[in-house]
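Novice: Give me a 3D structure for the following:
(2 chains)
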Amino acid sequence: MENLLHISVSPHIHGTKSTRGFMFDVILALLPAAIAGTVIFGAKALLVIAVCVGTCVVSEFLFNLILKQKQTISDLSAVVTGLLLALNLSVNVPLWQAIVGSVFAIIIVKCFFGGLGCNVVNPAITARVFMLIAFGSMTASAFPKALDTVAGATPLAELAAGTVPSLKDLFLGNVGGTIGETCSLALLIGAAYLLIKKVISWHIPVSFIATVFIFALCVEGFDFTTALAWVLSGGLLIGAFFMATDYVTSPTTPLGSIIFGIGAGLITSLIRFWGVYPEGVSFAILLMNILNPFIDKLTARKVFGGNAK
Amino acid sequence: MAFSLHGVKVPHRKNTANIAAVKMASPATVVLPTAMHIGAPATPVVKVGDHVDIGTLVAAANGAVSSPVYSSVSGTVKKIDDFLTSAGRYVPAIVIESDGADTVADITPPQVDSKESFIEAVKLSGLVGLGGAGFPTYLKFATDKPVEQLIINGTECEPYITSDTRTMIDDADSIADAINIIDKYFDIKEYIIGIENNKKEAIAEMKKIAESNSKVKVKVLPSRYPQGGEKVLIYNTTGKVVKAGCLPADVGVLVFNCTTMAYISRFIKTGMPLVAKTITVDGGAVKEPKNVTAPIGTSLKDVFDFCGGFTTEPSKVLYGGPMMGITVPSLDAPVLKQTNAVLALTAKETRIPAQTSCIRCGTCANTCPLGIDPAAIAKNYEAGNIEVLGKLGIQVCMECGCCSFNCPAARPLVQTNKLAKAAYRDYMTNKNKEENK
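Specialist: Residues are numbered from 1 along each chain as shown, chains lettered A, B, ... in the order given. This next block holds a predicted model:
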């Protein structure tokens, strides 16, 4: 018995999926939006991204260090949070605010609740809402360098005022907004990557976007172009594909995901048309995050052959 | 009520599917544990120094759920030793030193002329479920419930293993004969052979049986693990649902592994009990992977040596496939009746990614073929909510490994399910005791 072999419970092989792999795919999928943001808003966009990502990673590192916990930054989830938050901020955001927002996302929303997988709400979304309330409307106050106007209106403000922005500008991101939300093309490329690699399923984004589209269609008197403009404006695409699909804070079943998407779409539309704020995507996702445990409970799969007595 | 039994796509790695089994010569010694089945260990009926031949009874069935053991070599009983089974209990094992003569005991084909004598014959053959579980075969036949369908399991959904595939290709006649024999004594409407679609040659052979017998149907199934899980196979071939805590017989179904079927007819014809087994020897560490027909009780070391030994040091050696196989601590472990494969896997093959916290991705719940949510079970088990485990369906879990296989966080979900199942069973036993006081 000089050479004992390894003993373990089956299975003895593992599939190709890993937490780190998922996070890496999300980062890759967000790169087109980050690049587009830099092109549209200038090099300062890169600085905002670097500050947010850096602050998130350092916050998680220090939290684990101080609490003498196992280091978790290598799972890349803090990088994803930082990147998403930055893409949801205006390029003109004061850097100290970006730092405060990042620390809030990681420490208060994630680490205080037990770290990855235990947070109740999405850290990046919650930080964005926190910053919106605490520091005012800095989320959509930047405009592309290419635009001549110093102070134009964001597409959502234009739509609210009754004018329809050019779909081509919305598609290419040549409109006012946050760093990562304006270029629909870049976001769709990233979304396609995540769908093809099966990192996300279609259920949440499709039901979310379809709800907003149908709602806008009804309110705008079935004007197809205007309804499409509502879909491409603001943070809907980045929210639906990259933030509402966060595993931790969204339902696990296909049916639950569709309910989640429709709910988020309805809340977004209600805020957009009749709320105080021009945009409602963040609030909608945040509220649905809170409802998520109940959706999961209602839509759990049935055990094959029934439960035991 | 339509279910979608999800399961996972696992790598096939059926490297040995085209290699007919090679017969291995008798080894110097064999170790025959008295528990190579589910149920009570058999009772040794030989003593040290006795001479035995191939097919001599060395341990008799003990009680209602048990199975006899026969010598697989000719030679002398050297000792009766304590043997640690993979279930963690010590049972006697008969160690026989081979004389190399391979003399066969005086055996005659059994007299079978009725259902009862057929079941008695199957009991005497020492046959157990050869798919891996090792449930005594005669017990399945001994049901008093009407049987509508008999399903022959040729799915072989585990990676690497091809021994059933070879049975279907090389011994199709025995499977056909077994159907004819059973059909004489049982009132069965339909015989369904379930095969995964990656076994083209075996499907062709089985279809020949269906052509000559109108009661036989071949059902080609997608290659999706765990297609061969009993409840999954029954649902996918007949649409019947075996409820929690019920047996297939309760819905009028019997399921037998295709190799078990082949052995039934061989025994009825020759009277030679189960003394040798065809196993797949594979894994990244094995020099010449192949199918080997080895005397039961042959040490894994002898089996691997027969296949050219190792190219690299194996990290894990298994009985069975990589999804549900059982690791052995040393190469002294013998080939058992229910062994269908022995694999020597390298560290690279068995690599598992870094474990993280559960990220609630829902992959486990969405891939579980039986609709259990392993993440919810883990959460409740760790929190000590044992009563809730029953509502979550813990006792339905067949430990197929889909959840662990696909978990991106590499959570030990099967392990937790096993612990949770035991905890729930203990909890219910205690609860029933309290109530009956």
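
Novice: Just read off the phi/psi values of the residue in chain A positioned nearest to chain B.
Specialist: Residue of chain A nearest chain B, by CB to the nearest CB: A:T252 (2.6 Å). In this view, the C-beta of every residue, glycine as well, is placed from N, C-alpha and C. Main-chain dihedrals, A:T252, degrees, to the nearest 10: phi -100, psi -20.

Novice: Model confidence for it, exactly?
Specialist: In this model, A:T252 is scored at 92, pLDDT.

Novice: low-confidence ranges in chain B?
Specialist: Scanning chain B for pLDDT under 70 picks out B:1-4.

Novice: what's the spacing between the residue in it positioned nearest to chain A and B:D177?
Specialist: Relative to chain A, the nearest point of chain B is B:G362 (2.6 Å; CB to the nearest CB). Between B:G362 and B:D177 the distance is 48 Å, computed by CB to CB, to the nearest Å.

Novice: Can you report how many residues lie near the closest residue to B:T238 other than its chain neighbours?
Specialist: If you skip the residues right next to it in sequence, B:T238 has B:Q149 as its closest partner in space, 5.6 Å away by CB to CB, 6 or more residues apart in numbering or on different chains. When counting by other CB atoms under 10 Å in any protein chain shown, one arrives at 20 neighbours for B:Q149.

Novice: Spatially central residue for the chain, please.
Specialist: Picking chain A for this. By CA atoms, centre = their mean, the mean C-alpha position of chain A lies nearest to A:M243, the distance being 2.2 Å.

Novice: actually chain B
Specialist: By CA atoms, centre = their mean, the most central residue of chain B is B:G132, 1.1 Å off.

Novice: so the residue nearest to B:T238 sits right up against B:I193, yeah?
Specialist: No - at 11.2 Å, B:Q149 does not count as touching B:I193 under the criterion of CB atoms under 8 Å.

Novice: ok, the closest residue to B:E288 other than its chain neighbours - contacts?
Specialist: Closest residue in space to B:E288, ignoring its immediate chain neighbours: B:G308 at 4.0 Å, by CB to CB, 6+ apart. By CB atoms under 8 Å, 6 or more residues apart in numbering or on different chains, the contact list for B:G308 reads B:286-288.

Novice: if I've got this straight, B:G308 is in a helix?
Specialist: No - assignment of B:G308 by DSSP: H, G, I helix; E, B strand; the rest coil gives coil, placing it outside any helix.

Novice: how close does B:P92 get to B:L331?
Specialist: From B:P92 across to B:L331, the span is 21 Å (CB to CB).

Novice: Please give the element, helix or strand, for the closest residue to A:E60 other than its chain neighbours.
Specialist: Nearest residue to A:E60 in three dimensions, chain neighbours excluded: A:A78, at 4.4 Å (CB to CB, 6+ apart). Assessed by DSSP states H and E, A:A78 sits inside helix A:77-87.

Novice: can you list contacts of that helix?
Specialist: So helix A:77-87 is contacted by A:19, A:23, A:26-27, A:30, A:33-34, A:37, A:48-49, A:51-57, A:59-60, A:98, A:101-102, A:105-106, A:110, A:116, A:123-124, A:127-128, A:178-181, A:238, A:242-243, B:359 (CB under 8 Å, 6+ apart).

Novice: got it, and stretch A:261-277?
Specialist: Defining contact as CB under 8 Å, 6+ apart, one finds that stretch A:261-277 is touched by A:132, A:137, A:156, A:160, A:203-212, A:215-216, A:219, A:230, A:234, A:236, A:239-240, A:244, A:278-281, A:283-285, A:287-288, A:291.

Novice: just the buried members of the residues you listed?
Specialist: Buried members of the contacts of stretch A:261-277, counted by 16 or more other CB atoms under 10 Å in any protein chain shown: A:132, A:156, A:203-212, A:215-216, A:219, A:230, A:234, A:236, A:239-240, A:244, A:278-281, A:283-285, A:287-288.

Novice: Which of the residues you listed fall within helices?
Specialist: The members of these that map onto helices under DSSP state H are A:132, A:156, A:203-212, A:215-216, A:219, A:230, A:236, A:281, A:283-285, A:287-288.

Novice: For B:I175, give me its contacts.
Specialist: Taking CB under 8 Å, 6+ apart as the criterion, B:I175 is in contact with B:152, B:167-168, B:193, B:206, B:209, B:258, B:261-262, B:265.

Novice: pretty sure B:A93 is in contact with B:T29, am I right?
Specialist: No - here B:A93 lies out of contact with B:T29, judged by CB under 8 Å, at a distance of 11.2 Å.

Novice: Quick check on the two: which one has the bigger neighbour count.
Specialist: Each of B:A93 and B:T29 has its neighbours counted (other CB under 10 Å); B:A93 has more, 25 against 17.

Novice: sec struct for that one, please.
Specialist: Following three-state DSSP, B:A93 is assigned to strand.

Novice: For the stretch 101-250 of chain A, which residues are neighbours of chain B?
Specialist: A:114-118, A:247-249 (CB under 8 Å from any CB of the partner chain).

Novice: Go again with 6 Å.
Specialist: Residues of the stretch 101-250 of chain A lying close to chain B by CB under 6 Å from any CB of the partner chain are A:116-117, A:247-248.
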